[in-house]
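Colleague: predicted structure and sequence below. I'll ask about it afterward.
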Amino acid sequence: MLVGLLAELFYHITRFILVAVLSCLQWYTPEACLQFKEHFHAQVRAACQRSTGTVGLKLSKVVVVGDLYVGKTSLINRFCKDNFDRDYKATIGVDFEIERFEIVGVPYNLQIWDTAGQEKFKCIASAYYRGAEVIITVFDLADIQTLDHTKQWLEDALRENEPDSSFIFLVGTKKDLSDAVCERTELDAIHFANEMQAEYWSVSAKTGKLLQRM
Ligand SMILES: Nc1nc2c(ncn2[C@@H]2O[C@H](COP(=O)(O)OP(=O)(O)OP(=O)(O)O)[C@@H](O)[C@H]2O)c(=O)[nH]1
């Protein structure tokens, strides 16, 4: 009973944080967010409002993977620091940010791991995949090859985690550069997201403007 409740609590908190991440960036449509449809279960809400010591679930690990130059760091920077840098600085190995939230009175930490897309750093970055509650697989909407590569990135990340233990997101970046090619890539991406049971988002770290979910 307690285990079931904690599992449900964990599920809702993780979803809530992801919604917070994406909504902060205004990169979502409400219908994409199951959380807004269901809200918290009464038991989960009650558990959250009790002493945090009894809950013990304060940390969630997010791993962001994808080819080099697709915009992983920019995505994280927009969320964590609300800034955008047009200059490219390759991530060396891994980097991480911690964001602190309070959800119905419970302090919560979101640990976001930014991994390098360069092949030569792959073995370093992959050492950090384990224990990811959330895997965000990123590609560049203007470069269809990066979408093709997401399958491999996701497989590598999933291999390091227990089956069905991670929420999966597929995120297409640089939506501000959108043209007809991007639109075709998005259709492929939505198809692929369905196949891998991922939630799909089209985003722009540059503008942060509300973008439509296809
Ligand atoms: N126009 C536009 N450019 C973007 C966007 N997001 C990122 N960029 C640019 O794309 C380039 C690469 O972005 P990064 O965030 O460094 O890419 P990365 O995936 O972290 O790259 P690695 O660290 O090598 O894995 C930079 O020059 C960014 O300014 C976006 O939404 N729109």
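Modeller: Now that the structure is in, tell me what you want to look at.
Colleague: going by C-alpha atoms from here, please, whenever you check contacts or count neighbours.
Modeller: Fine.
Colleague: could you list the contact residues of this structure toward the ligand?
Modeller: 67-74, 85-91, 116-118, 173-174, 176-177, 204-206 (CA under 6 Å from any ligand atom).
Colleague: from these, which would you call buried?
Modeller: Burial by neighbour count, 16 or more other CA atoms under 10 Å: within those this picks out 67-74, 91, 116-118, 173-174, 176, 204-206.
Colleague: where does this structure dip in pLDDT?
Modeller: 1-57, 103-105, 209-214 (pLDDT under 70).
Colleague: mind listing the helices for this protein?
Modeller: 2-24, 34-38, 42-49, 52-55, 72-81, 122-126, 144-148, 150-159, 180-195 (DSSP state H).
Colleague: picking that back up, which members of the residues of the chain next to the ligand are positioned in strands?
Modeller: By the criterion of DSSP state E, membership of the residues of the chain next to the ligand in strands covers Thr173.
Colleague: Arg184 versus Gln111, what's the distance?
Modeller: 33 Å (CA to CA, to the nearest Å).
Colleague: and the two? Which one has more around it.
Modeller: Neighbour comparison, Gln111 and Arg184: the larger count goes to Gln111, with 17 against 13 (by other CA atoms under 10 Å).
Colleague: surely the more buried one and Phe96 touch.
Modeller: Yes: between Gln111 and Phe96 there is a contact under CA atoms under 8 Å: 7.0 Å.
Colleague: show me what contacts Asp87?
Modeller: By CA atoms under 8 Å, 6 or more residues apart in numbering, the contact set of Asp87 is empty.
Colleague: I'd say Ile144 and Thr185 touch.
Modeller: Yes: at 6.1 Å, Ile144 counts as touching Thr185 under the criterion of CA under 8 Å.
Colleague: so if I had to pick from those two, which one is more boxed in?
Modeller: Neighbours were counted for Ile144 and for Thr185 using other CA under 10 Å; Thr185 has more, 20 against 17.
Colleague: now do that one against Glu102, distance only.
Modeller: 37 Å.
Colleague: what sits against Gly71?
Modeller: 138-140, 173-174, 205 are the contacts of Gly71 under CA under 8 Å, 6+ apart.
Colleague: again with Asn83
Modeller: Counted by CA under 8 Å, 6+ apart, Asn83 has contacts Asn77.
Colleague: against Ala127, how distant is it?
Modeller: As for Asn83, its distance to Ala127 is 28 Å (criterion: CA to CA).
Colleague: end to end, how far does stretch 101-111 reach?
Modeller: Taking CA to CA as the measure, stretch 101-111 stretches 11 Å from start to finish.
Colleague: how about stretch 191-199?
Modeller: 11 Å.
Colleague: and if you look at stretch 78-91?
Modeller: 16 Å.
Colleague: ok, Ala90 touching Asp114?
Modeller: No: at 11.0 Å, Ala90 does not count as touching Asp114 under the criterion of CA under 8 Å.
Colleague: give me the number of residues near Arg159?
Modeller: Arg159: 12 neighbours (other CA under 10 Å).
Colleague: now swap in Ile168 and tell me
Modeller: 23.
Colleague: hey, what's it bridged with?
Modeller: Residues in a beta bridge with Ile168, per DSSP bridges, are Ile135.
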